[in-house]
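model the structure of this input:
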Amino acid sequence: MPRLAWLFFPILAGACAAAAKPAAPPQVAAAPEADTPSAPSIAPAQTPRPGRAHRLVVAAVGCWFGGVWHDALNESSDLDRCSLVLEEAYGAVDEVRLERLRALDAVEVDELGNQVASIAHADAADEGRVQTLVALLNAAAHAQHETTAARRAGDRIKKDIAGTRAPGKKPDDERSSVAPLVETGALGALFRLEVGPLGAEARAIALMCAMDRMQTAKDLPKHLKVYAVGGAYDLLFGVKAPQVPDDATQPMRGGLWLGYLSEVAKAAGHPVPARATSLFDRERLAWGGVLQGMSDKLRVEAADVSEKTELRRVTDATVDRLDIEYRASQASLLAKGG
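Residues are numbered from 1 along each chain as shown. This is a model prediction of the structure:
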């Protein structure tokens, strides 16, 4: 599962140059931490609070995000949110159902949607938005499934590069990675989902999926980075990806990736400072500028995310961390006389 720590780490360690496994949070400054309850807000209570179905949908999203949720809420990674989702939805945890939920199995997601609808119908706070809650659950699940497929494709190539897969697999892995890396239809559908007041939550979740795309792009060959982020960058910032070789095993021409990333950073409102002259600095600052542009968008959405579920705390914590680390990256450039 992805973790919050990767969101800005490339800026401080060099864009797209961190290890394939998620790194520990950078030691620049600690993000402000809210008081954390001993258990997630969906934990069963003797008298269920209104909005139970809404909290269940958000908790399912948290199950699929995994480490990102734990980090943002300052929780122990031992807490199994996926099990808590099943306890809340069905009253018990079935191991087969649990694995299917974690795997975003279509049948399991559909069954969970039926439970959400049933719970919402009996809840005064949720009975008027049954269909929108189910639509949000389904759209988030589809986007997460798509994001996971892209991440797995990228991870196979990273293992090829590291030499931890059988020799000779890299060309085939690169070619087979193209389809899952470029597919962003579900991400776009989530970002544009028409669910009334819950639209901000849909867009916030989509933005976090887009950040996951940037994590996938780390350590990939540069033309595969374009495959991984092109759809998300077009969706969020309106910048079309450059033409890259049709054969995924072939490199693209020099300078194309940095030029593209810099153009996206400018469109995101955080252009690379003119004082940054080295290619290393320009790439890491362009990377950071794009992430900060995503943070700006997430901040806007977070203002309209309900405070009655975990999502508001997750989005606020993510924005805080991104802002702190972006400022640190700028300060680092100034300190070295860039």
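
which secondary element of this protein has the worst mean pLDDT?
helix 9-13 (a mean of 36; mean pLDDT, DSSP states H and E).

show me which residues of the longest helix belonging to the chain are buried.
Longest helix of the chain, by residue count under DSSP state H: helix 130-162. By 16 or more other Cβ atoms under 10 Å, the buried positions in helix 130-162 come out as 130, 132-151, 153-160. To be clear about C-beta, it is placed using only N, CA and C from the backbone, and glycine gets the same treatment.

for stretch 80-95, same thing?
Buried-residue list, stretch 80-95, by 16+ other Cβ under 10 Å: Arg81, Cys82, Ser83, Leu84, Val85, Leu86, Glu88, Ala89.

among those residues, which are in strands?
Among the buried residues of stretch 80-95, no member falls in strands (DSSP state E).

inside helices: which ones of these?
Per DSSP H, the subset of the buried residues of stretch 80-95 in helices is Arg81, Cys82, Ser83, Leu84, Val85, Leu86, Glu88, Ala89.

which of the residues you listed lies closest to Arg165?
The closest of those to Arg165 turns out to be Cys82 (Cβ to Cβ; 28.2 Å).

what's the helix or strand for the closest residue to the closest one other than its chain neighbours?
Spatial nearest neighbour of Cys82, excluding adjacent residues (Cβ to Cβ, 6 or more residues apart in numbering): Cys63 at 4.0 Å. Using DSSP states H and E, the element containing Cys63 is helix 52-65.

average pLDDT for whatever helix or strand comes next after that helix?
Once the chain leaves helix 52-65, the next helix or strand it forms, by DSSP H and E, is helix 67-72. Here helix 67-72 scores 87 as its mean pLDDT.

cool, stretch 322-338 as well?
Across stretch 322-338, pLDDT averages out at 78.

repeat for stretch 98-109
Here the average pLDDT along stretch 98-109 is 97.

over to stretch 244-263?
89.

is it true that Ala268 touches Ser295?
No. Between Ala268 and Ser295 there is no contact under Cβ atoms under 8 Å: 9.4 Å.

is it true that His223 touches Asp246?
No. Using Cβ under 8 Å, His223 is not in contact with Asp246; the gap is 10.3 Å.

where in the protein is pLDDT low?
For the chain, residues meeting the criterion pLDDT under 70 lie at 1-48, 334, 337-338.

would you state the helices of it in chain order?
9-13, 52-65, 67-72, 81-90, 95-102, 106-121, 130-162, 170-182, 185-191, 199-217, 222-237, 256-267, 279-302, 310-335.

export those to a markdown table and append columns for distance to Pro273.
Below are the helices of the chain laid out as a markdown table (distance: least, Cβ to Cβ, whole Å):
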| stretch | distance to Pro273 |
| --- | --- |
| helix 9-13 | 13 |
| helix 52-65 | 32 |
| helix 67-72 | 29 |
| helix 81-90 | 40 |
| helix 95-102 | 43 |
| helix 106-121 | 44 |
| helix 130-162 | 29 |
| helix 170-182 | 30 |
| helix 185-191 | 29 |
| helix 199-217 | 20 |
| helix 222-237 | 19 |
| helix 256-267 | 10 |
| helix 279-302 | 7 |
| helix 310-335 | 7 |
